[in-house]
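**Q** Need a 3D model of the sequence below.
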Amino acid sequence: MQQIEVEVNDGPVVTIKRFTGRQLMRFESPDGPRQTTYRVYATAGGQIAVYRRDDPNWRAFASPDEDHPVWSDERTWSSDWWQSGQRSLTVFPDVAAMTDDLPQDLISAIVTVLTNAPVEDLEI
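**A** Take a look at the predicted model:
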């Protein structure tokens, strides 16, 4: 376990949230020119904390094709697109409580991480 700090925003106000835990996984969900990144933590109190961050999907622009369709997407013309979006921290008592808040593929990945050993010892 270690001390975790994340930035969250509520409108224009940005605050730091700090807790003790360990990171279980990172999950990226691209949506065209935007991307949501989730970092999932097991907390010292036995809960599951999910940090959600919305950012530009820079990988969509990493194409050698100068006529890549993302350049013609009107959402990228706004200065708001180029900035980080919503950043939030949600704490869940268990996986069942995530159903209405998180994508199903993320919940499935969390279940997989929680049911496997955090470290695999290899005898190689």
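
**Q** Look up the closest residue to Thr43, ignoring the ones flanking it.
**A** Spatial nearest neighbour of Thr43, excluding adjacent residues (C-beta to C-beta, 6 or more residues apart in numbering): Gly21 at 4.3 Å. C-betas here are computed from N, CA, C, even on glycine.

**Q** Just list whatever residues bridge to Asp10.
**A** Val13 (DSSP bridges).

**Q** And the one 10 residues further on, by the same measure?
**A** Under the criterion DSSP bridges, Thr20 forms beta bridges with Gln3.

**Q** What are the boundaries of the strands in this structure?
**A** 2-10, 13-31, 34-43, 48-56, 87-92 (DSSP state E).

**Q** Can you tell me the strand partners of the shortest one and which way each runs?
**A** Yep, that's strand 87-92 we're talking about. strand 48-56 (antiparallel).

**Q** Restrict the partner strand to CA atoms and write it as CSV.
**A** Below are the C-alpha coordinates for strand 48-56, written out as CSV (Å, rounded to 0.1, in the frame of the first residue of the first chain):
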residue,chain,number,x,y,z
ILE,A,48,-12.4,0.0,-4.6
ALA,A,49,-11.6,3.6,-5.8
VAL,A,50,-11.9,4.4,-9.5
TYR,A,51,-10.2,7.6,-10.8
ARG,A,52,-11.7,8.7,-14.1
ARG,A,53,-10.0,11.2,-16.4
ASP,A,54,-11.3,12.5,-19.7
ASP,A,55,-8.6,13.8,-22.1
PRO,A,56,-7.9,14.3,-25.8
